[in-house]
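Peer 1: Need coordinates for the below:
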Amino acid sequence: RLSGAREGNPLAASPDADAPRALLALVRDGEQRQSKRGTLGGRPSTDLEAAIGGRDLTPRQLTVDQSNTALVYGERLFMKIYRRFEPGENPDLEMVRHLASAGFPHIPAFGGALTYQRGNDPAGSVAMVQSLVTDQVNGWEHAIDGLQRYFDRVDTVVQGAPSAAPGTPPPEGIADEIGTYLTWARKLGTRTGQMHLALASANGNRAFDPEPFTPESVARLVDGMTG
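Peer 2: Here you go, the predicted model:
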């Protein structure tokens, strides 16, 4: 509870339906709102209206423990509100926009962003909007579940199977017990490689121009990690 010239209880606005609606409206309309110290502005992408598709956009807050505040709009859009604000380009938003411009199709579509600018400081990211991709489970849980089923079966089914050298297919008995997860793991590796190729294609964006990794670069990296 706050006391002093003004008294009351501070509350988070994101669980209240009116606040998420107002934030999304700023993004959709590309509008700006002036505050006492700065300006909050929306920047919609060209794909935003297609992602909405005229559907219901009733907001709700995701309750899973995350480092950011996550909002879902009618199972169509996902808004990530960054809890730590810093002036300048947000790396998360910068990479998503670059992948979208590079034509990489295997991430949720970029819908827009909210920025805040105070005085002469560079504008900084407050939130990012993407299309919502529904799933039954996330990739980590899917891998752990597949691994657990494998261990449940392998001791009783596969006895004395030879170990496989790195980079070679697993023995037939092992592959049978791992099941379809090998296919998913291969697809994940393929998508990761494609994503890195897209990141390395500067596409006119100088921030993503490949740079040589020299011994001096290694030394700076080591010094940074040591520090």
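Peer 1: What's the end-to-end length of stretch 132-141?
Peer 2: One end of stretch 132-141 sits 19 Å from the other (Cα to Cα, to the nearest Å).
Peer 1: can you check stretch 116-129 too?
Peer 2: 15 Å.
Peer 1: Pull out the buried residues from it.
Peer 2: Neighbour-count burial for stretch 116-129, counted by 16 or more other Cβ atoms under 10 Å, picks out 116-117, 123-129. Just so you know, the C-beta spots here come from the backbone N, C-alpha and C atoms, and that holds for glycine as well.
Peer 1: Give me the residue ranges of this structure where confidence is low.
Peer 2: Low-confidence segments of the chain (pLDDT under 70): 65, 155-164.
Peer 1: And the strands in it?
Peer 2: 32-34, 38-44, 59-61, 69-73, 77-81, 110-118, 124-131 (DSSP state E).
Peer 1: I'd like the buried residues of stretch 116-129 as CSV, with distance to Phe208 appended.
Peer 2: Listed next are these as CSV, based on distance: Cβ to Cβ, whole Å:
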residue, distance to Phe208
Tyr116, 25
Gln117, 24
Ala123, 20
Gly124, 20
Ser125, 17
Val126, 23
Ala127, 23
Met128, 18
Val129, 22
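Peer 1: among those, which two are most distant?
Peer 2: Gln117 and Val129 (18.5 Å; Cβ to Cβ).
Peer 1: Can you tell me the number of residues neighbouring Pro105?
Peer 2: 9 (other Cβ atoms under 10 Å).
Peer 1: Gln194 versus that one, what's the distance?
Peer 2: 9 Å (Cβ to Cβ, to the nearest Å).
Peer 1: and if you look at Pro169?
Peer 2: Distance, Pro169 to Gln194, using Cβ to Cβ: 22 Å.
Peer 1: One more: Val64?
Peer 2: Taking Cβ to Cβ, one finds Val64 at 28 Å from Gln194.
Peer 1: what's the answer for Val129, then?
Peer 2: Counting by Cβ to Cβ - Val129 and Gln194 are separated by 24 Å.
Peer 1: again, but for Ala219
Peer 2: Relative to Gln194, Ala219 is positioned 31 Å away (Cβ to Cβ).
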